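sequence first, then the predicted structure:
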Amino acid sequence: MTLHLLKNPRDPLALKTLAVVPPPQGSSAVVLLTDVRDLPSIPGVPIYALSDHPRPDKHTIGYPQLVEMIFHADKVITW
């Protein structure tokens, strides 16, 4: 799995690249390193927002989940 970490949730280059060249289903995930309410949409790619207080009903994760995702990823790309 490739994990994409976005510092800027509206990074036009990262979002355009991920949308134009979509990875095979289940082979990538995106984590926004800021807690945002309006998550961008990329078909076939799960997107999570990093939060100090993750909400179970939203696509938010905490720092322990981020560390786990990093260690399970084959590649980590930061934008």
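On my side now, so go ahead.

only C-alpha atoms from now on, for both contacts and neighbour counts.
Noted.

which residues touch the residue nearest to the spatial centre of the chain?
Centroid check for the chain by CA atoms, centre = their mean gives residue 30 as the closest residue, at 1.7 Å. Contacts for residue 30 (CA atoms under 8 Å, 6 or more residues apart in numbering) come out as 3, 4, 5, 6, 45, 46, 47, 48.

what residues are bridge-paired with the last one?
With DSSP bridges as the criterion, the beta-bridge partners of residue 48 are residue 31.

residues touching it, list them.
By CA under 8 Å, 6+ apart, the contact list for residue 48 reads 29, 30, 31, 32, 39, 59, 60, 61.

same question for the first one.
Counting by CA under 8 Å, 6+ apart, residue 3 makes contact with 28, 29, 30, 31, 69, 70, 73, 74, 75, 76, 77.

find the nearest non-adjacent residue to the first one, please.
Of all residues beyond its chain neighbours, the one nearest residue 28 is residue 2 (4.7 Å), with distances taken as CA to CA, 6 or more residues apart in numbering.

my guess is that neighbour meets residue 75, correct?
Yes. Contact criterion CA atoms under 8 Å: residue 2 and residue 75 qualify, at 4.7 Å.

list the beta-bridge partners for residue 5.
The partner residues for residue 5, given DSSP bridges, come to residue 31, residue 78.

burial check on it, number of neighbours?
Close neighbours of residue 5, defined as other CA atoms under 10 Å, add up to 23.

pretty sure it is touching residue 75, no?
No. Residue 5 is beyond contact range of residue 75, at 10.8 Å (criterion: CA under 8 Å).

okay, residue 26: pLDDT?
At residue 26, the model reports a pLDDT of 69.

what comes up buried for the least confident helix or strand in the chain by mean pLDDT?
Within the chain, no helix or strand scores below helix 12-20, which has a mean of 86 by mean pLDDT, DSSP states H and E. Buried residues in helix 12-20, defined by neighbour count with 16 or more other CA atoms under 10 Å: 14, 15, 18.
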